[in-house]
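1. No letters, just coordinates:
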């Protein structure tokens, strides 16, 4: 257990160092465009900082052709075929409730007393159902999300830094990469130990891909002249909306 925490701490320090380097990069001057805007022109010059574009493009296509098309998409289809909707809802609720520590830390770091009280209350009542129920309203749950420590980093003035596409994980930036590591460390599912943590993490990834990511990815590849650029701009647009919630 101690060795696992040492490894995770080293990951946090390493990515945090990269974040500090990325902070020196010139931040975007304009807000990223909204793909749903009728006036959106994909050929316009992007304002996103992407000095790693050649490397990012290679990783992007690896993720699409191998991770998504050969891995997550068949797994998502099988998951949807064998799992009833009610069970899928319960699984989604379980993983949403398991990320309570991230949401509480986010509330504390941003001095959000209102959401701190709400998150504590709903976690307590949802625990009665062993995390497989969620008594929040659909809108309230959508607004809160699964927890986003990047929001706390942004609250304290840390810029997004360079855009980067991680193998297996997908699009991110340096600030969100640090936030993702914090999310990983504070997720009880990752502390269960191997192979339990791998199994839980895989189910969480498949469930999230089935409920959110697959539709977004398919839409971008259908409407974008350049799927890489479309994904990059969509990522920043979604990130901007999450930070505003």
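-> Received, thanks. Bear in mind the structure is a predicted one, so any value in this text is a computation, not a measurement.
2. tell me the centre residue of this structure?
-> Taking CA atoms, centre = their mean, the centroid of the chain lies closest to residue 180, which sits 7.0 Å from it.
3. mind checking how far that residue is from residue 187?
-> 10 Å (CB to CB, to the nearest Å). Where you see a C-beta, it was placed from the backbone N, CA and C, and this is true even at glycine.
4. hmm, back to that, which element, helix or strand, includes the residue nearest to the centre of the chain?
-> Following DSSP states H and E, one finds residue 180 within helix 174-186.
5. Can you spell out which helices and strands pack onto the very next helix or strand once past that helix?
-> Per DSSP H and E, the first helix or strand lying C-terminal to helix 174-186 is helix 196-208. Judged by 3 or more CB pairs under 8 Å, 6 or more residues apart in numbering; DSSP states H and E, the packing partners of helix 196-208 are helix 73-82, helix 85-98.
6. Save the ones you listed as TSV, and put in distance to residue 127 and mean neighbour count too.
-> Converted to TSV, these look like this (distance: least, CB to CB, whole Å; neighbours: other CB atoms under 10 Å):
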stretch	distance to residue 127	mean neighbour count
helix 73-82	25	13
helix 85-98	8	17
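7. Quickly, which of those bottoms out on average pLDDT?
-> Mean pLDDT is lowest for helix 85-98 among those, at a mean of 86.
8. what mean pLDDT does the helix or strand that that helix is followed by have?
-> Sequence-wise, the next helix or strand beyond helix 85-98 is helix 100-109, with elements assigned using DSSP H and E. Regarding helix 100-109, the rounded mean pLDDT is 89.
9. cool, and stretch 155-171?
-> The model assigns stretch 155-171 a mean pLDDT of 92.
10. Start and end of it, how far apart?
-> 21 Å (CA to CA, to the nearest Å).
11. swap in stretch 187-197?
-> Start-to-end, stretch 187-197 (CA to CA) is 10 Å.
12. any idea which helix or strand carries residue 165?
-> strand 163-166.
13. What strands line up against that strand, and which way round?
-> strand 170-173 (antiparallel) (DSSP bridges).
14. any chance of the helices and strands packed on helix 196-208 in JSON lines, plus distance to residue 206?
-> Below are those laid out as JSON lines (distance: least, CB to CB, whole Å):
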{"stretch": "helix 73-82", "distance to residue 206": "5"}
{"stretch": "helix 85-98", "distance to residue 206": "9"}
